[in-house]
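J.: let me see the structure of the following:
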Amino acid sequence: MTAAQLNSHAYAEQFVPEEEAFESARRTGTELGAVPIGTGGGAALRLLAAAVGARHVIEVGTGAGTSGLWLLDGMPEDGVLTSIELEPEHAQRAKRSFAAAGVAAQRTRVITGRALDVLPRMNDASYDLVHIDADKEGYPAYVEHAIRLLRPGGVLAMDNMLWHDRVADPAARDATTVLLRDLGKQLRDDERLVPSLLPVGDGLFAAVKRHPGGRGR
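T.: Now for the predicted structure:
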């Protein structure tokens, strides 16, 4: 990548400025070891939520609430974010982040527990957007639940799908890189989805769930 391309990438990453409450949540997440989504990825999440008018959103992996704040900022005022977090301390910090940003309490539901225990209890085809940013080993199972939970026309988003620039390097063969590389290719070819891999942050995979019989070729 040339210097000009690197400059353009950095410019795009910071193009949408991060609000103070978002930045505070980012610092908290970093301190906790729950690496937050980048500013460019957060702005893309906000865009996706706004584009589909997402009123019902599920997030797997809350961290300190950075991605949740971006999602909420793109959702209508009556939209509700359900966020699933394994670590109780992270969940509590996220609740504080939401409150500090002035998010009404009824707009968020933070559930502490294993995502694979919580997701099966959610209703099919009832959500407008599902965002996944949690343990990478769980991504394949989380994705299957996400596709089930999304309404037709709903959006699936997953962070870290370039995994520190390792996914694009065929010489990188560690377990996590291989898992994410294979998952991305699998979803790229999944007839249920209209996919794209956005080169923002650490790579944001985004896909729209097709309407039944919607493949027009």
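J.: now the helices for the chain?
T.: 3-13, 20-32, 39-51, 66-74, 88-100, 115-118, 139-149, 175-188 (DSSP state H).
J.: okay, now Val178: neighbour count?
T.: Val178 has 14 neighbours, counted by other C-beta atoms under 10 Å. C-beta: built from backbone N, CA, C; applies to glycine.
J.: for it, give its distance to Pro199.
T.: 20 Å (C-beta to C-beta, to the nearest Å).
J.: how about the helices of the chain, which one is nearest Val155?
T.: Closest approach to Val155 among these (C-beta to C-beta): helix 39-51, 5.1 Å.
J.: by contact count, what packs against the closest one?
T.: helix 3-13, helix 66-74, strand 127-132, strand 150-158, strand 204-209 (3 or more C-beta pairs under 8 Å, 6 or more residues apart in numbering; DSSP states H and E).
J.: pick the most buried one from the helices of the chain.
T.: helix 66-74 (a mean of 27; mean count of other C-beta atoms under 10 Å).
J.: so it versus helix 20-32, what angle?
T.: On the basis of axes from the mean of the first three to the mean of the last three C-alpha atoms, to 10 degrees, helix 66-74 is oriented at 160 degrees to helix 20-32.
J.: next, the angle from helix 66-74 to strand 127-132.
T.: 160 degrees.
J.: who does the nearest residue to Val194 once chain neighbours are set aside bridge with?
T.: In space, Val194 comes closest to Val208 once its chain neighbours are excluded; the distance is 4.4 Å by C-beta to C-beta, 6 or more residues apart in numbering. Beta-bridge partners recorded for Val208 (DSSP bridges): Val155, Val194.
J.: I'd like the numbering to begin with 3 instead of 1 from here.
T.: Sure, I'll start numbering at 3, so the last one becomes Val210.
J.: quick one: residues contacting the closest residue in space to Leu195 that isn't next to it in sequence.
T.: Take Leu195 and drop its neighbours on the chain: the residue closest to it by C-beta to C-beta, 6+ apart is Ala209, 4.0 Å away. Contact analysis of Ala209 by C-beta atoms under 8 Å, 6 or more residues apart in numbering lists Val157, Leu158, Leu189, Asp192, Leu195, Val196, Pro197, Ser198.
J.: next one, pLDDT for His147 please.
T.: Listed pLDDT for His147 reads 98.
J.: meant to ask about Glu61
T.: Value listed for Glu61 in the pLDDT field: 98.
J.: same deal with the one 4 residues further on?
T.: Listed pLDDT for Gly65 reads 97.
J.: circling back: quick one: closest of the helices and strands packed on helix 41-53 to Val112.
T.: helix 68-76 (8.4 Å).
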